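[1] structural data only, the sequence is not supplied:
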């Protein structure tokens, strides 16, 4: 597919996801691999700027610094809040709670 220049759209860049049986690879890991073999990927989700621009345009009367981004992932939820100058809060559930188990994954 990559050699035929078929574009991919990644709407969830999580490299890891939670399942009933623990953690598994996420859609972001597949998209990352697709890019590494030469494919084109359009990223539209946290931490990529397009999703924040889209959301903030929906509430133009509210300053970005007054918007609170809440999430369980430092790599996506918290990192994504920096460019648009939003506030952020990290919760200790979800992927954040399993971080010690995920040290083998390179981000």
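    Alright, I've got the coordinates. Treat the numbers as computed from the prediction; the structure is a model and nothing was measured.
[2] phi and psi next, for residue 80.
    Backbone torsions of residue 80, given as degrees, to the nearest 10, read phi -60, psi -30.
[3] name all residues that make contact with it.
    By C-beta atoms under 8 Å, 6 or more residues apart in numbering, the contact set of residue 80 is 46, 47, 48, 51, 52, 69. All C-beta atoms are positioned from the backbone trio N, CA, C, and that covers glycine.
[4] can you spell out which helices and strands pack onto the worst-scoring helix or strand of the chain on mean pLDDT?
    Least confident helix or strand of the chain, by mean pLDDT, DSSP states H and E, is strand 16-19 with a mean of 82. Counting contacts by 3 or more C-beta pairs under 8 Å, 6 or more residues apart in numbering; DSSP states H and E, strand 16-19 packs against strand 22-25.
[5] list the buried ones in the strand it packs on?
    By neighbour count on 16 or more other C-beta atoms under 10 Å, the buried set for strand 22-25 is empty.
[6] mind putting the contacts of residue 80 into TSV with distance to residue 21 and neighbour count?
    Below are the contacts of residue 80 laid out as TSV (distance: C-beta to C-beta, whole Å; neighbours: other C-beta atoms under 10 Å):
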residue	distance to residue 21	neighbour count
46	25	22
47	27	21
48	29	16
51	29	17
52	33	21
69	29	22
